[in-house]
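K.L.:
quick check, what structure comes out for this input:
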Amino acid sequence: MPQPVFILVHPGSLATHAGSHALDDAIRELETHNGPLVIIDGFLSDKMNPFEFRLLRAFERAVARGDFVVRLWGCDGGEKPFKNWPGYASHGIVIDHIHPDQEVAAAFLAPIVRSHDAILTGAWATHDGSSGCVNSVGKAMVQAGWPGVYRISDTALYEDEIDGKEEAEETEE
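P.N.:
Below you'll find the predicted structure:
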């Protein structure tokens with residue numbers, strides 16, 4: 001079976017809500033991943049400027065080893081891509097880059113990633129899979145007929161962990 005596709009969902013939200021260290025961890029995982037790469041951006045992705053060079057290098061390495069790379073827009077807030085948004089598709093992949101939300105982008109990806117399982121990360125996820133943009137990407141791919149399986153990476157931002165930390169901090173006060 002081919003290597004899984006690594007899908008980073010709303011990386012700007014990951015950085016904004018969990019800090020640049022969280023995005024750094026997710027990008028480090030992307031950089032070391034041996035397989036195809038996908039990013040689904042949202043309106044906070046304009047906060048990623050310090051990381052763009054690392055992403056471009058990771059894209060170039062993936063393409064050099066024969067893997068495909070796709071960068072789509074799928075903002076659940078309905079925002080349009082920001083000026084100079086760097087959509088991307090490796091040579092030979094013809095895609096629509098801009099989608100109204102991450103579920104539509106994921107459904108669009110389903111036939112492209114059909115022979116790969118997936119590792120998902122980004123913002124947001126829940127351990128029970130009940131909500132979050134990361135979970136919704138996996139579910140949308142399955143609903144679109146994708147035959148693979150997905151797992152959520154430890155680098156994802158989990159709503160239930162953040163809520164638990166906030167509740168613990170409030171209790172301590």
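
K.L.:
distance between the helix ranked longest in the chain and the chain's centre?
P.N.:
Longest helix of the chain, by residue count under DSSP state H: helix 49-64. With Cα atoms, centre = their mean, to the nearest Å as the basis, helix 49-64 stands 14 Å off its chain's centre.

K.L.:
how about the helices in this structure?
P.N.:
Under DSSP H, the chain gives helices at 11-18, 20-32, 49-64, 102-109, 133-143, 159-172.

K.L.:
what angle separates the longest helix of the chain from helix 11-18?
P.N.:
140 degrees (axes from the mean of the first three to the mean of the last three Cα atoms, to 10 degrees).

K.L.:
coming back round to it: can I get the helices of the chain in a markdown table with mean neighbour count, mean pLDDT and distance to residue 77?
P.N.:
(Each C-beta comes from the backbone N, C-alpha and C, glycine too.) Below are the helices of the chain laid out as a markdown table (neighbours: other Cβ atoms under 10 Å; pLDDT from 0 to 100; distance: least, Cβ to Cβ, whole Å):
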| stretch | mean neighbour count | mean pLDDT | distance to residue 77 |
| --- | --- | --- | --- |
| helix 11-18 | 23 | 91 | 10 |
| helix 20-32 | 18 | 95 | 18 |
| helix 49-64 | 15 | 93 | 20 |
| helix 102-109 | 23 | 97 | 10 |
| helix 133-143 | 22 | 97 | 10 |
| helix 159-172 | 11 | 55 | 16 |
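
K.L.:
if anything else comes up later, I'll come back, but that's it for now.
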